[in-house]
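> just need the structure, nothing else, for what follows:
(one chain, ligands or ions: 1)
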Amino acid sequence: MENREQWGSRVGFILAAIGSAIGLGNIWRFPYVAYENGGGAFLIPYFFALLTAGIPILILEFGVGRSKRGSAPLSFSRLSKRFEWLGWFQTFLSFGIITFYSVVIAWAINYTIFSFNLKWGDDTESYFFGEYLNATAPSGLNLGGIQWQIFIPLIIVWALLFFTISRGIKKGIEKLSLIFMPILLVLMVIIVLRAITLPGALDGLNHLFTPDFAHILPSFLGGDNPDWDQVWIAAYGQIFFSLSIAFAIMITYSSYLPKEKDVNNSAFITAFSNSGFSFLAAIGVFAALGFMANQSGSDVADVVSGGLGLAFVAFPTIISEFPAFNAFFGVLFFMTLVIAGFTSAISIVEVVVSSITDKLKVSRTKATLWICIIGFLISMIFITGTGLYFFDTLDHFINSFGIAISGFLELILLGWFIKVATIREENNLVSDFKIGYWWDIMIKIVTPIMLGYMIILNIISESTGLYGGLPLPVILIFGWGALLIMLIVAVIMSNLQWKDNQEERIPKTKSVTK
Ligand code: PFF
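Coordinates of the predicted model:
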């Protein structure tokens, strides 16, 4: 049997999986999505999506990786040669994400340094979009020039990605996760403790948690929101992105597990730790927004934001208004973003490295070097003046279509074209506790229906106009075109021969004992 690298310990594996799950999405996406979609009441669709899709798919992906012992393309191909292309498609989706995710980490590094003298000044919005990004709406071939200030941290991010991943699973990724995940938690706890003791914090938390049940229900159940179904779709989208599922990541990470290691319990631990961190972040963010509203004498609803606006416009303002230790808390906040982002970025690059080394049998160092160079070059597009618009388009298309299509196909192929119950039975053999038939129903029926519906709704909303009012070429290149290229290259890759016929060497699973 081949020698596949392995995690040094179960804790190492779980912390790496949690490190992938906890990322920018927990800090700038979850609080805002929850607030926008019914506040406290959003927890109902959120937990519904977690239990019907998030945890079952984590268990599925952990199970596939553990038993097939390969990157996503190799694992899928060992399940059935016809599935290999999906592994590649997921690999390329991940690669698409890292090209702009790395840029956000670079911004956060810049802002960590800016915190020392609150360089963003009083008007944080025009500083970020104007002076810092030089954001220019795309027109013709003019990209608006490279922002050299971002270039330097971007190189650092890619160099660190190369350095960590080329060291391998145990010495690189595991070691990094064992050090950084506890630090991340400590930083977040300090931020939350400070935020909830600021004036106005309670008001922010009330805005976040006050449940609006009418927002999440159909009218025959007393709802008042004609788009109530969008709330449920948003919950699914959040769960997929946040748990890094349907991106080949969890399959890759679990392929480095020793064969007899638990997966069911690990999936629950990963999922609940990720949600716990999201709640913690939401408390910190809304307490801080409450403080911001309090300082400016406005309503919390008027200062609420998510995404880039929250991290790089609202938070710098909040930090400047802090009663004391402004620089200290600025550094703390942006370091939290850097660490949360970096441990996710690592997992994304590892997916590509693992797929390439499996297929072409090149060395880890060589594969990592090339992937980091190509990734770096592509990410340069996003540090130009027009980069923000390209980034936004790619992000939107990957989130609205990439995830849903990839998740849907994974569940249909694995749920209906192989005996998926076998994966459950094998998982149960090695796991701390057993899962029942409910899991098959989620994988085969409930979640595919939700994802299918999500795809239809998203296509309808896309057909009402060009995303963000952007020019057609931008939508074609960074939207549909990017997804199409990923699909085509995925099919090409899956038609290439495996070196040494490894896809035929399907590891035996029958001998697995507890
Ligand atoms: N789960 C990470 C977050 O919530 O920020 C982001 C992420 C990592 C998404 C890896 C997708 C992915 F493949």
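> going by C-alpha atoms from here, please, whenever you check contacts or count neighbours.
Noted.
> what about the closest residue to the ligand within the stretch 51-200 of the chain, neighbour count?
Closest to the ligand within the stretch 51-200 of the chain is Ser94: 4.9 Å, counting by C-alpha to the nearest ligand atom. Per other C-alpha atoms under 10 Å, the neighbour tally for Ser94 reads 25.
> which SSE is immediately downstream of the helix or strand in which it is found?
Per DSSP states H and E: Ser94 is located in helix 84-114. Next along the chain after helix 84-114, taking DSSP H and E as the criterion, comes helix 124-126.
> could you give the mean pLDDT of the top helix by length along the chain?
Once the chain is assigned using DSSP state H, the helix that runs over the most residues is helix 326-360. Average pLDDT, helix 326-360: 97.
> compute the inter-axis angle for the helix holding Ser94 and helix 326-360.
160 degrees (axes from the mean of the first three to the mean of the last three C-alpha atoms, to 10 degrees).
> so where's the stretch 1-150 of the chain shaky on pLDDT?
Under the criterion pLDDT under 70, the flagged ranges of the stretch 1-150 of the chain are 1-2, 140-141.
> show me which residues of it sit near the ligand.
Taking C-alpha under 6 Å from any ligand atom as the contact definition, the stretch 1-150 of the chain meets the ligand at 20-26, 94.
> enumerate the residues of the stretch 301-450 of the chain near the ligand.
344, 348.
> nearest to the ligand: which residue in the stretch 301-450 of the chain?
Ser344 (4.8 Å).
> contacts for stretch 71-80, please.
Residues from elsewhere that reach stretch 71-80 (C-alpha atoms under 8 Å, 6 or more residues apart in numbering): 64-65, 68-69, 83-88, 90-91, 248-249, 251-252, 255, 351, 354-355, 358-359, 418, 494, 503-506.
> could I get the average pLDDT for stretch 191-209?
Rounded mean pLDDT across stretch 191-209 is 96.
> switch to numbering from 55
New numbering, starting at 55: the last item is stretch 245-263.
> report the buried residues of it.
245-246, 248-250, 252-263 (16 or more other C-alpha atoms under 10 Å).
> measure that stretch end to end?
Taking C-alpha to C-alpha, to the nearest Å, the first and last residues of stretch 245-263 lie 19 Å apart.
> which residues does the residue of the stretch 105-254 of the chain closest to the ligand contact?
Residues in contact with Ser148, defined by C-alpha under 8 Å, 6+ apart, are 301-302, 402-403, 405-406.
> per-residue pLDDT, Ile323?
pLDDT for Ile323: 98.
> what do you get for Ser454?
Reading off the model, Ser454 has pLDDT 82.
> again, but for the one 10 residues further on
Looking at Glu464, its pLDDT stands at 96.
> that one contacts Gly141, correct?
No: assessed by C-alpha atoms under 8 Å, Glu464 is found out of contact with Gly141, at 9.0 Å.
> out of the two, which sits in the busier spot?
Neighbour totals were compared for Glu464 and Gly141, and Gly141 leads with 29 against 22 (other C-alpha under 10 Å).
> so that one makes contact with Met304?
No: counting by C-alpha under 8 Å, Gly141 does not reach Met304; the two are 11.8 Å apart.
> once you drop chain neighbours, what's closest to Glu179?
In this structure, Glu179 finds its nearest non-sequential neighbour in Val367, 5.2 Å apart by C-alpha to C-alpha, 6 or more residues apart in numbering.
> what is the burial count for that neighbour?
Using other C-alpha under 10 Å, Val367 has 21 other residues around it.
> check Ala268 too.
A count of nearby residues for Ala268, using other C-alpha under 10 Å, gives 16.
> isn't there a helix covering it?
Yes: according to DSSP: H, G, I helix; E, B strand; the rest coil, Ala268 belongs to a helix.
> surely it touches Asp281?
No: using C-alpha under 8 Å, Ala268 is not in contact with Asp281; the gap is 11.1 Å.
> ramachandran angles for Trp174?
phi -70, psi -10 (degrees, to the nearest 10).
> contact partners for it?
Residues near Trp174 by C-alpha under 8 Å, 6+ apart: 168, 181-182, 370.
> got a winner among the residues you listed for most neighbours?
Result: Pro370 is most packed of the contacts of Trp174 (other C-alpha under 10 Å), 29 neighbours.
> so what's the residue lying closest to it once chain neighbours are set aside up against?
Closest residue to Pro370 apart from its sequence neighbours, by C-alpha to C-alpha, 6+ apart: Thr178 at 6.6 Å. By C-alpha under 8 Å, 6+ apart, the residues touching Thr178 are 366-368, 370-371.
> what about 7 Å?
Taking C-alpha atoms under 7 Å, 6 or more residues apart in numbering, we find Thr178 in contact with 367, 370-371.
> mind listing which of those residues are in helices?
Per DSSP H, helices hold the following members of the contacts of Thr178: 370-371.
> need the contacts of Thr178 in a markdown table with pLDDT, can you?
Listed next are the contacts of Thr178 as a markdown table, based on pLDDT from 0 to 100:
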| residue | pLDDT |
| --- | --- |
| Val367 | 95 |
| Pro370 | 96 |
| Thr371 | 95 |
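> ok, of the contacts of Thr178, which one's closest to Gly344?
Relative to Gly344, the closest of these is Thr371; by C-alpha to C-alpha it sits at 12.6 Å.
> model confidence for Ser565, exactly?
With respect to pLDDT, Ser565 scores 41.
> which of the contacts of Ser148 has the most neighbours?
In the contacts of Ser148, the most neighbours by other C-alpha under 10 Å go to Ala302, 31 neighbours.
> measure the residue of the stretch 105-254 of the chain closest to the ligand to Arg83 for me?
Taking C-alpha to C-alpha, one finds Ser148 at 18 Å from Arg83.
> for Phe130, same thing?
Taken as C-alpha to C-alpha, the span from Phe130 to Arg83 is 31 Å.
> between these two, which is the more surrounded one?
Taking neighbours as other C-alpha under 10 Å, Phe130 and Arg83 compare with Phe130 leading, 26 against 22.
> in which helix or strand does that one reside?
Secondary structure (DSSP H and E) places Phe130 in helix 126-133.
> what do you get for Ile425?
helix 418-433.
> next SSE after that helix?
Using DSSP H and E, the helix or strand that follows helix 418-433 in sequence is helix 441-451.
> that following helix to helix 138-168, inter-axis angle?
Going by the same axes, to 10 degrees, helix 441-451 makes 140 degrees with helix 138-168.
> hmm, who's touching helix 441-451?
Helix 441-451 is touched from outside by 154, 189, 435-436, 528-529, 532-533, with contacts defined as C-alpha under 7 Å, 6+ apart.
> residues touching Phe366, list them.
Counted by C-alpha under 7 Å, 6+ apart, Phe366 has contacts Phe182.
> buried residues in stretch 424-434, which are they?
Buried-residue list, stretch 424-434, by 16+ other C-alpha under 10 Å: 425-427, 429-430, 433-434.
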